[in-house]
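Peer 1: my questions are about this predicted structure, shown below with the sequence.
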Amino acid sequence: MSTTVMKYEEALARFEPVLGIETHIELGTRSKMFCGCPTAFGAEPNTQVCPVCLGLPGSLPVTNKAAIEGIIKIGLALNCDIVEWCRFARKNYFYPDMPKNYQISQYDEPLCVDGHLDVEVDGTTFRIEIERVHMEEDTGKSLHVGGATGRIHGADHSLVDYNRAGIPLVEIVTKPITATGEKAPLVAKAYATELRELVRSLGVSEVRMEHGSMRCDVNVSLMPRGASEWGTRTETKNVNSLRSVERAVRSEIERQAAVLDAGGKIVQETRHFHEDSGTTTSGRSKEEAQDYRYFPEPDLVPMAPSREWVEELRASLPELPAARRRRVQGEWGLSDLELRDVVNAGALDLIEETVRAGTDPGAARKWWMNELSRRATEQNVELADLAITPQQVARIQAMVDAKELNDKLARKVFEGVLAGEGTPDEVVAARGLKVVSDDGALAAIIDQVIADNADVADKVRGGKVAAAGALVGAVMKASRGQADAGRARELILEKLGVS
Amino acid sequence: MSDLIHRSAAELGALIASGETSAVEVARAHLERIAAVDGEIHAFLHVDDETVLAQARAVDERRAAGEELGPLAGVPIAHKDVFTTADMPTTAGSRILEGWRPPYDATVTARLRRAGLVILGKTNMDEFAMGSSTENSAYGPTRNPWDRTRIPGGSSGGSSAAVAAYQAPLSTGTDTGGSIRQPAAVTGIVGMKPTYGGASRYGMIAFASSLDTPGPFARNVLDAALLQEAFSGHDPMDSTSIDQPVPPVVEAARRADVAGMTVGVVKEFGGEGYQPGVLARFNEAVELLESLGAKVVEVSCPNFSYALPAYYLIAPSECSSNLARFDAMRYGLRVGDDGTRSAEEVMALTRAEGFGDEVKRRIMLGTYALSSGYYDAYYGKAQQVRTLIARDFEAAFERVDVLVSPTTPTTAFPIGERADDPMAMYLADLCTIPSNLTGNAAISVPCGLADEDGLPVGLQIMAPVLGDDRAYRVGAAVEKALEDRWGGPLLAKAPKLEADR
């Protein structure tokens, strides 16, 4: 199926995009939303289940207080009002991975309302208004076996894993995001990125898109420039990385622009994003026909978080990412651009932890942004997923500071640690990487070098001290780079009687 | 036949405790009784002698080992088949759950096990507790021990019939719109709907979550109180269960006096549609209360007349959602799974075959009432009516301690008479539904036989939320005075069963 697209620049010249982003975040509570089952990721299918999360007849949900605490923290961090009283609602629809064939969610009474999150794109700040933040339970996971697409249509049979069923899920819904112009895809990505940072800073979720603990649905519509009415929107699901958020928006803008340009109409539908092609395809279009028959969940008492509790939680919030960025920028003396690079590289936490472990901010930033960023790119992983901790980076820099390692050797230590050869100290020991500054060992090498380069030595003795550089180079070569060059120079001059 | 089956639960508990008899002997006597009469009554869906005797032996052993046991230890009980039992199938009277063995015990079941009660088996019921006659069971109707051509009430008709036929001294039921009180009334026994939230719903297969209430059946008021006390109290597994002390129901049942109390007669319950014999016995009961020292006043609860229509929006709405889980995917019946059909088709075929007509009718009613565009006019409006009814109760309880009415407008009707007339069937719950909508406590106690048909009539005593003890206190007073008048319990007047002739 080929899709006609309009070139992005042309599309933006003619249409103004309006976005809306719904983000689901799995909370990292130890137990599920309405029962005591564990929530660990990656367990054997259907091993983390009980009568409640399997929806067995007679079972009843009981709200997990830790989850409510988590969502309230998110709501507060997003500058939302926390309502004084609200209820859960049942969202009714049949699907095999939903044990009760209704999802406990919230409908017209969300717990958190009217917030905002500021994001920055190329030096411009965009305020993203938050409509609501509500609490719900996750569904199970279907695996469709056979067939080409991995989707239910054409599959031979389906398997269902209920381990995920009942994991607490927070849904964050933006108000329509307008007036972003050609920056729309970048704003969408910046929002998702900032939201992820924010939630991560709260410690309430792992927010790992690749694990599905953060999932974005992106709504896009176009209206002709100058028009006042919004166009019909589509909702793109299956957007599994920050980069995909940007690509999905861009791709939908290009596709919708072509449809509108050809005199066609946008169908209100769910679309699926494909990582490989960077495009979307049509999903179910009966979205609007679906009647979820919401009604207040009679098995649960209303939520009425006391004002004292909310204030307690507000006081307990950690330093949020925006404030933190301002702080470290000052402390580390970074330019706006340098700060942005650090943030975009996902290095802020890592550098800060390295600094906390005793490293000078400049050195910490240097290692993470150069040597380690390069290796992350080579391995095609996130910086944070490299097999090295900030504490280990700090240890290596400490050895450099103590002149036990030079720059070149330090890089070899990084190589060894990343290759799983052990701690920095173990790698130094195993590979024999320590700088030779032991005078005895150095003296033997120097004697040999002087003997081998008698003519150069004579020039030095004769007062051409600059010629000593050649001898130092020879010492370094003989020691395979492990000699402390400064100390070697001192000893050579001493021996030749010119110091 | 052993005399043990005619003993009250309190007496059996005492006899077992004193060693005059054992839990095993008591269990055997009841198993024999069930074997002898259940062919006529069909109160039970499941009885397994070995499981019963093993439980009884375990209780006797616990006692022999010196364990302190409660007043009902060793006493047999029958559970409505809506409570999950880890060692017995649980069907809720439905084909769709035929043979399902729950992996867990309901809180009510578990608490009574711990108190040493011996589970005789599971009793018949209207499918998913929807009905007032037990004719809606997928496993055939239960018959009224007073007249086997008549219904034993419903939905807990197996539990009422089992107690009335001396197959069990105690049983559990659930009351969503009258499903304990109405069966108790038409079989001449005691049935109590406790305050909503007074006992846990965990493990009770849901019909309408905001209305469903577990409660006791017994042949006398004290036994009902002992049973209620044994399974009540806060349960962390049910967030709607009330975290407060259980009202002193046993003490109230023992007190059995109404001196100084004010009793309100609900003006709206009576007149057209009520059987004259029912009204006659009810009026006598009111006179009796006055003669016992109560002050009797008439109370108007104008919104009670909207209770039935509100109920038939709220209960079906909740049930349409509660019963969605029966989809053939994880347990129970599965129809049409031949490898060619989609999951959706299998779900539809299973539900078409697994649910009976009344259940389907209510699922459809509820699905419609919750639909977008209709919600406000139906479900929303019904919830407003609920608030108005609660205000009627509040206003009434400012003036009176309890309210009284007939439990149900007629005596037991013949099997089949209302089977094809849902509206007539729904009217059986006219007087009981208001207390479900507001969560009030209410009890039904026998108050005589109707002149026309010689069948039992029930007196309903309604008390405020968490005022369960008041209902027991008045119920016990009426019971005592009437038994003095009759020279024994009403049930002694019941005609003999075939097996007893």
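Peer 2: Thanks, I have the structure now. Keep in mind it's a predicted model, so treat the numbers as computed, not measured. Residues are numbered from 1 along each chain as shown, chains lettered A, B, ... in the order given.
Peer 1: rest of the way, CA atoms for contacts and neighbours
Peer 2: OK.
Peer 1: what comes up buried for stretch B:200-212?
Peer 2: B:200-212 (16 or more other C-alpha atoms under 10 Å in any protein chain shown).
Peer 1: so what's the gap between that stretch and the chain middle?
Peer 2: 13 Å (C-alpha atoms, centre = their mean, to the nearest Å).
Peer 1: that stretch: end-to-end distance?
Peer 2: 10 Å (C-alpha to C-alpha, to the nearest Å).
Peer 1: could you do stretch B:127-140 as well?
Peer 2: Note: stretch B:127-140 ends 10 Å apart using C-alpha to C-alpha.
Peer 1: now stretch B:78-96
Peer 2: Start-to-end span of stretch B:78-96 (C-alpha to C-alpha) is 22 Å.
Peer 1: now residue A:456, nearest residue through space, not along the chain?
Peer 2: Counting by C-alpha to C-alpha, 6 or more residues apart in numbering or on different chains, residue A:456 lies nearest to residue A:467, which is 6.7 Å off, once chain neighbours are set aside.
Peer 1: what's the mean pLDDT across stretch A:244-252?
Peer 2: For stretch A:244-252, the mean per-residue pLDDT is 95.
Peer 1: could you dump that stretch to PDB, C-alpha only?
Peer 2: The C-alpha coordinates for stretch A:244-252 follow below in PDB (Å, rounded to 0.1, in the frame of the first residue of the first chain):
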ATOM      1  CA  SER A 244       9.400   8.000  16.700                       C
ATOM      2  CA  VAL A 245       7.200  10.700  18.300                       C
ATOM      3  CA  GLU A 246       8.900  13.200  16.100                       C
ATOM      4  CA  ARG A 247       8.800  11.000  13.000                       C
ATOM      5  CA  ALA A 248       5.100  10.000  13.500                       C
ATOM      6  CA  VAL A 249       4.000  13.700  13.700                       C
ATOM      7  CA  ARG A 250       6.000  14.600  10.600                       C
ATOM      8  CA  SER A 251       4.800  11.600   8.700                       C
ATOM      9  CA  GLU A 252       1.100  12.300   9.600                       C
END
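Peer 1: could you check which residue of chain A lies nearest chain B?
Peer 2: Evaluated by C-alpha to the nearest C-alpha, chain A has residue A:58 as its residue closest to chain B, separated by 3.9 Å.
Peer 1: host element of that residue?
Peer 2: Using DSSP states H and E, residue A:58 sits within no helix or strand.
Peer 1: pretty sure it sits against residue B:81.
Peer 2: No: in this structure residue A:58 lies outside contact range of residue B:81 using C-alpha atoms under 8 Å: 11.5 Å.
Peer 1: of those two, who's got more company?
Peer 2: residue B:81 (34 against 22; other C-alpha atoms under 10 Å in any protein chain shown).
Peer 1: what sits against the more buried one?
Peer 2: B:45, B:90, B:91, B:92, B:93, B:122, B:123, B:124, B:125 (C-alpha atoms under 8 Å, 6 or more residues apart in numbering or on different chains).
Peer 1: and it, how far is that from residue A:276?
Peer 2: In terms of C-alpha to C-alpha, residue B:81 sits 54 Å off from residue A:276.
Peer 1: same question, residue B:177
Peer 2: Remark: distance between residue B:177 and residue A:276 (C-alpha to C-alpha) = 58 Å.
Peer 1: cool, and residue A:10?
Peer 2: Here the criterion is C-alpha to C-alpha. By it, residue A:10 lies 24 Å from residue A:276.
Peer 1: comparing those two, which shows the higher neighbour count?
Peer 2: Using other C-alpha under 10 Å, the more surrounded residue of residue A:10 and residue A:276 is residue A:10, with 12 against 6.
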